[in-house]
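*Asks:* the following comprises the amino acid sequence and a computationally predicted model.
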Amino acid sequence: MLDLALPAPRPKVIEGVTGPWEMVIGLEVHAQIASRAKLFSGASTEVGAEPNSQVSFVDAGMPGMLPVLNEGCIEQAVRTGLGLRARINLRSAFDRKNYFYPDLPQGYQISQLFHPLVGEGEVFVDMPGPSRRIVRIERIHVEQDAGKSIHDMDPALSFVDLNRTGVALMEIVSRPDIRSPEEAAAYVAKLRQIMRYLGTCDGDMQHGNLRADVNVSVCRPGDYEAGRWGTRCEIKNMNSLRFIQQAIDYEARRQIAILEDGGTVVQETRLYDPERGETRSMRSKEEAHDYRYFPDPDLLPLEIDQDWVDAIAASLPELPDAKKARFMAQYGLSDYDASVLTVEASDADYFEAVARGRDGKQAANWVINDLFGRLKKDGRSLADSPVSPDQLGRIIDLIADGSISGKIAKDLFEIVYTEGGDPVRIVEERGMRQVTDTAAIERAVDEVIAANPAQVEKAKTQPKLAGWFVGQVMKATGGKANPAAVNEIVARKLGL
Amino acid sequence: MAIDTDTARKIARLARIRVEEDRLPALAREFDAILGFVAQLEEVDVEGVEPMTSVTPMRLKRRPDVVTDGNRQAEVLLNAPDAREGFFAVPKVVE
């Protein structure tokens, strides 16, 4: 594995009126566990169903109902922990976090405060430079999601749907190792990528299946290393990478303004308002902060076997860091190309199918520039690409064996993309094969020279004009002449 | 630990139980007595003793990741004081 020791990125510095400031950032990421049924009930997790149709009496908080743990959700959380190189706790336990809200019918959320399932891990966050921030994971615990309240259907009422109530979440808590808004977004993107590789969370941020609470504080350069951190504020529930960056930037500047004005930052929970581009205090939450956690008496501690954990570890797929390093080593790809091709496991699989037995760099260029570029233009995803890896591979083979020029290949790609078909047959049927027959090219060159005596004279003093002749020959042959052969013959005939 | 009326008021509020102001001193005394009783346990030396979570050696019950429940909207909404179009309807909660 190519493991270059990359330097850490520089912390972002904000110039204040009284001097420079830095920020300290930690995240709590809530990721919905990909599962069929809920964490403690047999109701479905499918989205888009009729309101309250995927609710069991357990989810509805009916008296006397008891939670029964979904082992599949625990397996997914363990898999995630292993993917983040984290310690798996063979013994963990569930606690009740008590608060009242209409979308929480139990009156408490079952979570894991005291004994989480997953302990310390780490995530490599690659930044420009190249540089790498190693973000330490403090813990991952498993907990229930709440329901959904809709406030805009009636002027006096809120409408509550409990379909999401009780769906399993992982809360992934980082250490405050993050030092810029960009790193925070890159960290969330990396977690998302790893979980999508693992199949443990679909990472759909738009639908709230992945959301983040961000803790932000500011300090003077040098204070972070010395452990002198400022008072932090927590910005709740953000579901876009762009909002995370904007909110951190706004919040850091807000805190700096307070401190430079001689004030003190009050530790509180805040909400980011994307329309106004600012964070504001959620004072209503303050009083409810006394959650009175206690061990859930309905649930025994969760004990799992090392053998079971080992079996899950043995089934992990190749993860993004390893895949990227392998692409660079095995196919000679640049850091950038390897990153682009490993964003999604399906992208990487497509590339490898094209690259197998071919030139890796060339395959990467075609997949990234031509295929991804074309798909992006159409707003399509790779999953509904009209060009299969086999078709793209054949186009590359036709260039490699000299049947077509690189320029013709672009046309061929467009035909395959829009009409489909076997590239080899298309080249034959439409006469796209490149002319490598030197006699034919010579004839074409002779004709161009004979028709343009004035240009020939000029070329004797201006050798650059050879390019004009090459262009004329290419035009006359419909772009099918081998460009290298044309160049050489033109130069010879013009006596250059 | 002494529970005063302020603490009793706060606990009642967190539990969403309405307690009239003149009942708070008595409630605080009751809490105090209960906690004092439980506090006797602190005299026992439990150094190195694993917390007991069950009187019989039991393993936490689990089930496979299979959908076995749901599609009971009418029953789920049956006790709701107000329900509309399949939703629970509650007094407006605005953050």
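*Replies:* Thanks, I have it.
*Asks:* so which residues of chain B form helices?
*Replies:* Listed in chain order, the helices of chain B (DSSP state H) span B:5-14, B:24-39, B:73-77.
*Asks:* for A:Val490, what are its contacts?
*Replies:* Each residue near A:Val490 by CB atoms under 8 Å, 6 or more residues apart in numbering or on different chains is listed here: A:445, A:466, A:469-470, A:473. For every residue, glycine as well, the C-beta is placed using N, CA and C.
*Asks:* leaving out sequence neighbours, find the closest residue to it.
*Replies:* Spatial nearest neighbour of A:Val490, excluding adjacent residues (CB to CB, 6 or more residues apart in numbering or on different chains): A:Phe469 at 4.7 Å.
*Asks:* worst-scoring helix or strand of chain A, pLDDT-wise?
*Replies:* Every helix and strand of chain A was ranked by mean pLDDT, DSSP states H and E. The lowest is helix A:283-287, at a mean of 57.
*Asks:* got it, and chain B?
*Replies:* For chain B, the helix or strand with the lowest mean confidence is helix B:5-14, at a mean of 91 (criterion: mean pLDDT, DSSP H and E).
*Asks:* would you tell me which strand is longest in chain B?
*Replies:* Secondary structure of chain B per DSSP state E: the longest strand is strand B:87-91.
*Asks:* could I get the buried residue list for it?
*Replies:* B:87-90 (16 or more other CB atoms under 10 Å in any protein chain shown).
*Asks:* and those as JSON lines, adding pLDDT and distance to chain A?
*Replies:* Below are the buried residues of strand B:87-91 laid out as JSON lines (pLDDT from 0 to 100; distance: CB to the nearest CB, whole Å):
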{"residue": "B:Phe87", "pLDDT": "97", "distance to chain A": "4"}
{"residue": "B:Phe88", "pLDDT": "96", "distance to chain A": "4"}
{"residue": "B:Ala89", "pLDDT": "96", "distance to chain A": "5"}
{"residue": "B:Val90", "pLDDT": "94", "distance to chain A": "5"}
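*Asks:* around chain A, pick out the residues from chain B.
*Replies:* B:10, B:13-14, B:16, B:53-54, B:58-73, B:75-77, B:82, B:84-95 (CB under 8 Å from any CB of the partner chain).
*Asks:* quick one: residues contacting A:Val173.
*Replies:* A:26-28, A:137-141.
*Asks:* how many neighbouring residues does the residue of chain A found nearest chain B have?
*Replies:* Chain B sits closest to A:Gly72 of chain A, with a gap of 2.6 Å, by CB to the nearest CB. A:Gly72 has 20 neighbours, counted by other CB atoms under 10 Å in any protein chain shown.
*Asks:* mind telling me what element it is part of?
*Replies:* According to DSSP states H and E, A:Gly72 maps onto helix A:71-83.
*Asks:* okay, and for chain B, where does confidence drop off?
*Replies:* B:1, B:95 (pLDDT under 70).
*Asks:* for chain A, what's the nearest residue on it?
*Replies:* Taking CB to the nearest CB, chain B has B:Asp65 as its residue nearest chain A, at 2.6 Å.
*Asks:* separation between the residue nearest to that residue when sequence neighbours are not counted and A:Ile194?
*Replies:* Once flanking residues are discounted, B:Asp65 sits nearest to A:Gly72: 2.6 Å by CB to CB, 6+ apart. For A:Gly72, the distance to A:Ile194 equals 19 Å [CB to CB, to the nearest Å].
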